[in-house]
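sharing a sequence plus its predicted fold:
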Amino acid sequence: MKMVKMKKSIFIATMVSVSLMSGAVAVVASNGMEKISAFLNHKVQFKVDGNEWTPKSDNGSKLAPVVYKGTTYLPARAVGEAVGAEVKWNGTTQTITINTGKGSTGGTSTPTEKPTKPVEVPQANGIIKLGNKEETTKKMREQAVTLIKLYGEALETGSTKKYDDYITKITADKYPDSPIRNGHQHYKDMFKKKVDEVIAANSKEKIADYAKAMKAVTLDQVEVFTIGDKSEYSQTFSFKYFPKGWTAFSSTYVYFEFGATKYKSSDFELFAAYIN
């Protein structure tokens, strides 16, 4: 049995960022938030300047307006961008800034060029969404196979570019106001460090053999390692590959973590994917 030398590493779980959700209420807590009972109306249709329009989140998920005490509330960013405005959120000062492209002078506005059609909200660029447990386990097992093959190619060539490009495609990047989402570059750096350490600790012949074993992985060879319980913030999935002809110390583990896009959201997206 062959063994490839690897440096011991430690997995540190991360939490998922939360964002503010507010409503028009009379009494609020000291932090400005109060729990309310409202409804999502999925049947409301929209038109902007005569064109059909669907409000969507930053990652392309369809949004429904909230109905509270007879008033319909729409997502500020989606609506603002649809009419050509720039919407920004400052989590530190709890401020939403809307720039319409109109200059302000003494309380009056002078309009600049008006958009001729709605601005399209960017669609998700391959970012993986969390489905039910069985569906997502199957999907992430397939992703584990892909990442293991890319790991093998990185060991073979010494380049992590293809792996990096794939991570950028399937995962969400760090949120601007989030102190806990590490972002693409963090996981790319982790992977580069791992590849460099494994290459440095083994002979060229052993690396060539191990890379070949990684690239030869098949779906039925990848085992479910752990599936975390889903919380209101996150859910994790991990998989194990034990290449034939190698010792257990040469096993490869692939970790995935999904996080809620906002506080108590039912929308979860993949934001962490790495090999250990």
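Sure thing, it's come through.

so where do the strands sit in the stretch 101-250 of the chain?
103-105, 108-110, 222-227, 234-241 (DSSP state E, counting those that start in this stretch).

pairing partners for the spatially closest residue to Val224 that is not a sequence neighbour in the sheet, please.
Among residues not flanking Val224 along the chain, Phe239 sits closest, at 6.1 Å (C-beta to C-beta, 6 or more residues apart in numbering). C-betas here are computed from N, CA, C, even on glycine. Per DSSP bridges, the residues bridged to Phe239 are Val224, Val254.

quick one, what contacts Phe239?
140-141, 144, 222-225, 253-254 (C-beta atoms under 8 Å, 6 or more residues apart in numbering).

now pLDDT too, for these, in a markdown table please.
Listed next are those as a markdown table, based on pLDDT from 0 to 100:
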| residue | pLDDT |
| --- | --- |
| Met140 | 95 |
| Arg141 | 95 |
| Ala144 | 96 |
| Val222 | 96 |
| Glu223 | 95 |
| Val224 | 96 |
| Phe225 | 95 |
| Tyr253 | 96 |
| Val254 | 96 |
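
pipe those residues into CSV and attach neighbour count per row.
As requested, these are exported to CSV (neighbours: other C-beta atoms under 10 Å):
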residue, neighbour count
Met140, 26
Arg141, 18
Ala144, 28
Val222, 21
Glu223, 13
Val224, 13
Phe225, 15
Tyr253, 17
Val254, 24
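
can you tell me which of the residues you listed lies closest to Asp189?
Asp189 lies nearest to Val254 out of the contacts of Phe239, by C-beta to C-beta, at 17.2 Å.

ok, that closest one touching Leu147?
Yes. At 5.4 Å, Val254 and Leu147 qualify as touching, with contact defined as C-beta atoms under 8 Å.

mutual contacts of those two, please.
Joint contacts of Val254 and Leu147 (C-beta under 8 Å, 6+ apart) are 273, 275.

next, count neighbours for Ser203.
Other residues within reach of Ser203, judged by other C-beta atoms under 10 Å, total 11.

I misspoke; the intended subject was Gly80.
20.

and it, what element?
helix 76-82 (DSSP states H and E).

which outside residues touch the longest helix seen in the chain?
In the chain, assigned by DSSP state H, the helix with the most residues is helix 133-157. The contact list for helix 133-157, computed with C-beta under 8 Å, 6+ apart, reads 128, 130-131, 160, 162-163, 166, 170, 191, 195, 198-199, 207-208, 210-219, 222, 224, 227, 230, 235, 237, 239, 241, 252, 254, 256, 258, 273, 275.
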